[in-house]
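Participant: the sequence and its predicted three-dimensional model are supplied below.
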Amino acid sequence: MTPSIETVRQLSDRHSNWGRWGSDDEKGTLNLVTGEMVVRAASLVTRGTTISMALPYDDEGPQTGFLGRFNPIHLMTRDGADAIAGTAIRDFYGGVEKHFIGTDDLIIMPLQSGTQWDALAHVIFEGKIYNGHGAEWVSSRGALKNDVANAADSMVGRGVLLDVPRALGVEWLEPGHAIGADDLDEAVSLAGISVGAGDFVFVRTGAMTAARSAGSWGDYAGGEAPGLGLGSVDWFASKDTAAVATDTWGFEVRPNETPDVAQPLHIVLIVHMGLWIGEIFDLDPLAEDCAKDGVYEFMFCGPPLPFTRAVGSPLNPTAIK
C-alpha cells in the first residue's frame, strides 16, 4: 500500500515525544544527552584528529534559489584598498595614525543555505510545532518557541557514522533510494558498533560524492535524491538518538514516498518526535578516515550559532578521533 497522510499521522502518534520532557520543553531529543555521555564521548579521542563535516560557506555551494535559498554572499566592509587610501584610519581613528589597520566583512545568507541544523520550529503540521505549541508561536519576529538557540549548549556527545553506500558495496546510492532499517543495520554491521540513546548519527548516502564525480551540483538542491525513508522512523525511535544528519539537501528520500505529503519525515521527526535533523553535511572526508582506521565512532561537537528566534542555523560540525 502506498504511504499517505494516514501513514504520517500513525507514525507521528506512535513516536510522539510531546510532554515527555515537560509541557514547556523546547529541546526535544537533546534531553537524552547527559553529562556522563559527554564524558564517555571524550574518551573516544585517541588520535587528536579533527575532521570538519561542513561545506565551505561561499558562492560555490549547491543552492539555486529554490525556496528562496541562495549561496552565501561575502562582502568586504574594510579591505586593503582602504588601508592604502588611508580611509581605514580616517573612519576608525578620526584621522589619527595608530599603526593598526583592520579589515572587516559581512555575510548575507539564508541560515539554511549550507551545512545546517533544522530547529524544532522549522516545520508546522496541522497547525502545530513540536510539543504541541501552536503555529502562532512562529511569527514575523521569528520562533518564540523551539528556536535553534535551544541547542546551543547541547550538540556535544558521541557521534556515529553510518556509511550506507560503503556497507552496500557501491560508491553512492541512486536517487530515489529510501534508506530503511535494513540499510541502517548493514551500516551498523560494517562499523562494528551499536547505536544507542543520546547518540548523534550521521548517515552518508554518497550524494556529495556523486556530485563531485559529475563535476557539478546539478539538481542536488531540491532534485531527486537518496535519503532516509519512512522505514527508518521506527529504527531511530527505538534507538533514542539525539540528532540525525545526512549529506543530502533535503534529508529524506526524494521523490518522497508519500504522494500526498511533502517531506513526511520532517513532520514525524521534527514536529512529533522532537528529533533534531541536519542537512548538507559533508561526510566524505569523515567516511574516508573511518574506512582507513576502521573506527566509526568519535566525539562530536557541532552546536548551532545561537541566533535568537531562528528556525535554522549554519555550523561547523566536527568529529574528533
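Facilitator: Structure's in. What do you need? Numbers count the residues shown, from 1 in each chain.

Participant: in the protein, which helix or strand is least confident?
Facilitator: Here the helix or strand of the chain ranked lowest by mean pLDDT, DSSP states H and E is helix 87-93, holding a mean of 63.

Participant: all helices of the stretch 151-300 of the chain, in order?
Facilitator: 164-168, 181-191, 207-214, 233-239, 264-265, 284-293 (DSSP state H, counting those that start in this stretch).

Participant: highest average neighbour count across these?
Facilitator: helix 264-265 (a mean of 27; mean count of other C-beta atoms under 10 Å). For glycine as for every other residue, the C-beta is placed from the backbone atoms N, C-alpha and C.

Participant: which residues touch it?
Facilitator: With contact meaning C-beta atoms under 8 Å, 6 or more residues apart in numbering, helix 264-265 is reached by 3, 7-8, 228-230, 232-233, 251-252, 256-258, 277.

Participant: how about a cut-off of 10 Å?
Facilitator: 3-5, 7-8, 11-12, 123, 125, 227-230, 232-233, 236, 244, 250-253, 256-258, 273, 275, 277 (C-beta atoms under 10 Å, 6 or more residues apart in numbering).

Participant: what subset of these is buried?
Facilitator: Neighbour counting by 16 or more other C-beta atoms under 10 Å classes 3, 7-8, 11-12, 123, 125, 227-230, 232-233, 236, 244, 250-253, 256-258, 273, 275, 277 among the contacts of helix 264-265 as buried.

Participant: mind listing which of the residues you listed are in strands?
Facilitator: Gly227, Leu228, Val244, Ile277 (DSSP state E).

Participant: show me what the strand ranked longest in the chain pairs with in its sheet, parallel or antiparallel.
Facilitator: The residue-count maximum for a strand in the chain (DSSP E) belongs to strand 156-163. Here strand 156-163 is paired, per DSSP bridges, with strand 200-204 (parallel), strand 297-301 (antiparallel).

Participant: looking at those strands, which one is packed in the most?
Facilitator: Highest mean neighbour count among the strands paired with strand 156-163 (mean count of other C-beta under 10 Å): strand 200-204, a mean of 27.

Participant: now that strand against helix 181-191, angle please.
Facilitator: If you take axes from the mean of the first three to the mean of the last three C-alpha atoms, to 10 degrees, strand 200-204 sits at 100 degrees to helix 181-191.

Participant: tell me the angle strand 200-204 makes with helix 284-293.
Facilitator: Using the same axes, to 10 degrees: strand 200-204 against helix 284-293 is 90 degrees.
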